[in-house]
Every structure is written in C-alpha cells, then in structure tokens.
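Undergrad: give the three-dimensional model of this entry:
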Amino acid sequence: MNDTPSLNLEFVRSQFPGLGRGWSFFDNAGGSQILQGAIDRINSFLIERNVQIGGSYEVSQKAAAALYEARTAAMHLVNANRPEEIVFGSSTTALLQNLARAMESQLTSGDEIIVTVSDHESNIGPWDRLTSAGVTIKFWPLNKDTLTLDLADLEPLMSSKTRLVCVTHVSNILGSINPIRAIADFVHARGARLCVDAVAYAPHRLVDVQAFDADYYVFSLYKTYGPHYALMYGKYDHLLELDTLYHYFYGKDKVPGKLEPGNPNYELAYSTCGIVDYLASLGEQAGDTGSVRSRITTAFKAITAQEDVLAERLLSYLRSRNDCQIIGQTHNVNSSRVPTIAFRFDGRDAGEICKAMDDYNIAMRFGDFHSRRLAEYLGLTDHGGMLRVSMVHYNTLEEVDRFTQALDKILTSETGFARAS
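TA: The predicted model follows:
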C-alpha cells in the first residue's frame, strides 16, 4: 500500500451521476453530489423491503436487518464502539435540536452551556433556546487576530456549573480544522461534555470519534455524498441518560430508538451503506485490503491529498490578487484546512459576482452561510457578505482553472457581469 495513496479521478467521477450534467459544483458545503451507490441502496430498500420493522414476517425482518446494517456502516464510518451509538435524523439541525430537548431533564436553572461565535447556527440556536429554562449561555470568542479558538479564552468561561461545550470541527466560513481532541481533554478535565458539529469536516477528513473523545458528534449525509439525511454519534452511556423523544413506553434504555421519534427514514439511513462501500473501494484501489475501517482510513488519505492540491490552486490565485481578502488561513499548512474557501473583493458585491458565475455553469454561493453570528462578529455582512468556493475530492484542477478564468472576466468587466461566450 502506498504511503500517500492517490485517487483515480475517472473512477471517482463516474460514481456521481450528477457530475455529467455540465456544471462544476463548487457549492459542496451546501450539499455534495450523491453517489450512485447511495441511490442504489435507497431504491433497493424501497423495492425489496419497504415495510415497517418489528414484524415477524420475512420482509419486515429484512427491513430491520437493513437498518442495522446502516447503523453498522455508520459505526465503521465514524469508528464508534457499537451500532447503537448511531442516531439517524432528518438533518444536523434537527438532530441538535432533538439532543437539546433530550438533555433538558439533566439541566437545572443556573447550569451553563458554552457555544462558539464561529459555529453554524445549528449548534448555537438549540442551546440558546434553553435560556427559557434558566440555562446560562456563554460565548467562546474567536481570536480576531489568528481567527482561531484559543483554550486560554475558554478557560475563564468554564465553571463548576458548565455542563456542555459546543464547537464546530471546521467552520464553514474559515475552513480551518479545530483541535477537537485537545478541546475534549480540556473540557472533560473540568467536568463538562463536548458536542461537535462536524458538517464541514466529515466530507473531507477521516472521522474517528474514539480518537476525538467527543461525547456527541453530528454531521449531514447530504454533504457527505448521500441523500438529505444526517447522523449523530453519542457515547452509549450518555445516550442512555437522555430523555426519550418517542412514545412514553420507549424507556430510557431503548437506545437509539428513543431519540428517533416516528422511526428513522429507513431507505435514507440505508444509503449510508453505499457511502461506506464507496470509501472502502477507494481504499482498496489504493492497495489496502484490510478491514472496512482500514480501507476508509486509506481512502481519506487519498481524499486529503487531492483536496490539498485543489485548495492550493485556488488559494494561490486568490493570494496573487491585491484586491482580494481571503477569510481565514491564506495557506494550507500541513493540511490544516479543508477546501472550503471564503473570500471578498474590494468594493465588489458578492451577490453580483456569484450570480454572474451562473452563466459559466459554475455553482457557488454567497452570503453568511447560516454562520451569521461569525459574519457579524468579523464585520463581513456588507456588500452581500462573502463568496465561497467549497470543493470536495471529485473536483478537478481543470475546474478550478475554469473558475479563476471566469472570475478574471467578471472582475475586469465594467459592470461585473461579463457573460460566457
């Protein structure tokens, strides 16, 4: 097996049917393209096992087996200890709202929860709503000079009443990777737990919840090559302590079902198997014939290598312009950031530039990306906010070059609306 495995991009792109429609997708942080293997799993469930679980008849037993297979695949994907530590839900936002609801009986007036100003609103809003029950919310500030979260700024916020610290693994604006294990060790040493929003991390890097020692870890499948669905990992003992969100006869020991009111969407959960199959195949192509988890690990080494090349190509272009402000790290040192890159051009409206890019069949996004508190904190809400290019491993250098060439035309036109010929 190679020390630095590489991707067969022809194979990779062949696995995503949406890539053949003439668009370059640079809005993957808003939602990646879906794998054919995930689609196949959805269809096979709907055709072959589309019944309620819990019945004695064969088809119902096969439906239950598919759901357990989905949890097992997710277990391999995040390196959980057991399939029961996987909770499925409609979105990361919904899962975090459910987690906050299920935690209410553990919290009393005066308890404290710490959130970061750099998070997506999904990992702030649900906790902020608990103020109505007397919970105090504190904000861990971002260092405006380094654009990093410093433990020195967290320490004075923590007290004997701190129950939970909520943090993003990667900001969907800044793109830099936060040191989750160091944060977890710090938080745990002070008697609190850690909840991590990994939406902007999971498509790009290997998830290892045991190595991270996160108590709760949540991300979206629709940004990780699957359908519009999501999953949450929770340490099993912690899940046992949570309130049931289902019927009264779903006791606290009914994990994870008590946290999936109305049951999970079986066919969308089953798509997780297709995602894991794909990642394992990438690892196998790179020479890894080990376990599923080993092959996933190798796949993400290859994914990281590809994404590092893409990120540097775009960052290099943006650094070369004296009218451009890159939001976050301007260099990808030691793979310390993912290829989610936000930027602005002096005196130019981000929305106008983004919309002009539509005519080049290049999909990107502008605004605050639902991280409004961070945008406001950094003073980046004027002129339409920020432009953002968010790439994943199926993107190519040719697409990056086509994007920068289109950007040159748009920026040098008098109106800002140069059209593709």
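Undergrad: now the strands for this protein?
TA: Assigned by DSSP state E, the chain shows strands spanning 24-25, 86-89, 112-116, 136-140, 162-168, 193-197, 216-220, 230-234, 324-327, 340-345, 362-363, 365-367, 386-390.
Undergrad: from the contact counts, what lies against the fourth one?
TA: With contacts defined as 3 or more C-beta pairs under 8 Å, 6 or more residues apart in numbering; DSSP states H and E, the packing partners of strand 136-140 are strand 112-116. Where C-beta positions appear, they are placed from N, C-alpha and C, glycine not excepted.
Undergrad: so what touches the strand it packs on?
TA: Strand 112-116 is touched from outside by 123-124, 127-128, 130, 135-142, 149, 154, 157-159, 161-168, 192, with contacts defined as C-beta atoms under 8 Å, 6 or more residues apart in numbering.
Undergrad: enumerate every residue touching His191.
TA: No, residue 191 isn't His; it's Gly. Contact analysis of Gly191 by C-beta under 8 Å, 6+ apart lists 160, 162.
Undergrad: from Asp111, how far off is it?
TA: Counting by C-beta to C-beta, to the nearest Å, the gap from Gly191 to Asp111 is 12 Å.
Undergrad: Thr148 now?
TA: 27 Å.
Undergrad: average pLDDT for the biggest helix by length in the chain?
TA: Counting by DSSP state H, the longest helix found in the chain is helix 292-320. Helix 292-320 carries an average pLDDT of 98.
Undergrad: can you give me the buried ones in that helix?
TA: Using 16 or more other C-beta atoms under 10 Å as the test for burial, helix 292-320 gives 292-304, 306-311, 313-315, 317-318.
Undergrad: same question, stretch 400-414
TA: Across stretch 400-414, burial judged by 16+ other C-beta under 10 Å covers 400, 403-404, 406-407, 409-411.
Undergrad: for stretch 105-125, same thing?
TA: Buried-residue list, stretch 105-125, by 16+ other C-beta under 10 Å: 107, 111-125.
Undergrad: again with stretch 38-55
TA: If you call a residue buried by 16+ other C-beta under 10 Å, then stretch 38-55 has these buried ones: 38, 41-42, 44-45, 49, 51, 53.
Undergrad: ok, now stretch 129-140?
TA: Neighbour-count burial for stretch 129-140, counted by 16+ other C-beta under 10 Å, picks out 130, 135, 138-140.
Undergrad: in CSV, list the C-alpha atoms belonging to that stretch.
TA: Extracted as CSV, the C-alpha positions of stretch 129-140 are listed here (Å, rounded to 0.1, in the frame of the first residue of the first chain):
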residue,chain,number,x,y,z
ARG,A,129,-33.3,28.3,23.5
LEU,A,130,-32.6,26.6,26.8
THR,A,131,-32.3,30.0,28.4
SER,A,132,-36.1,29.9,28.9
ALA,A,133,-35.4,27.0,31.4
GLY,A,134,-32.8,29.1,33.2
VAL,A,135,-29.7,27.8,31.5
THR,A,136,-27.0,30.3,31.0
ILE,A,137,-25.3,30.5,27.6
LYS,A,138,-21.8,31.8,27.3
PHE,A,139,-19.9,32.5,24.0
TRP,A,140,-16.4,31.3,23.4
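Undergrad: mean confidence for that stretch?
TA: Mean per-residue pLDDT for stretch 129-140: 96.
Undergrad: roughly how far out does it sit from the chain middle?
TA: Chain-centre distance of stretch 129-140: 25 Å, with C-alpha atoms, centre = their mean, to the nearest Å.
Undergrad: try stretch 15-35
TA: Its chain's C-alpha centre and that of stretch 15-35 lie 16 Å apart, by C-alpha atoms, centre = their mean.
Undergrad: can you mark which positions in that stretch are buried?
TA: By neighbour count with 16+ other C-beta under 10 Å, stretch 15-35 contains the buried residues 15-16, 19, 23-30, 32-35.
Undergrad: going by distance to Val207, which of those residues wins?
TA: Ranked by distance to Val207 (C-beta to C-beta), those are led by Ser32 at 15.3 Å.
Undergrad: can you pull the contacts of the closest one?
TA: Counting by C-beta under 8 Å, 6+ apart, Ser32 makes contact with 25, 203, 222-225, 392.
Undergrad: 10 Å instead, please
TA: 16, 18, 25, 203, 220-226, 390, 392-394 (C-beta atoms under 10 Å, 6 or more residues apart in numbering).
Undergrad: from the residues you listed, which would you call buried?
TA: Burial of the contacts of Ser32 was assessed by neighbour count (16+ other C-beta under 10 Å); the buried members are 16, 25, 203, 220-226, 390, 392-394.
Undergrad: wouldn't Arg337 be in contact with Leu174 here?
TA: Yes. Here Arg337 reaches Leu174: they are 7.8 Å apart, a contact under C-beta atoms under 10 Å.
Undergrad: got any residues that touch both of these two?
TA: 328-329.
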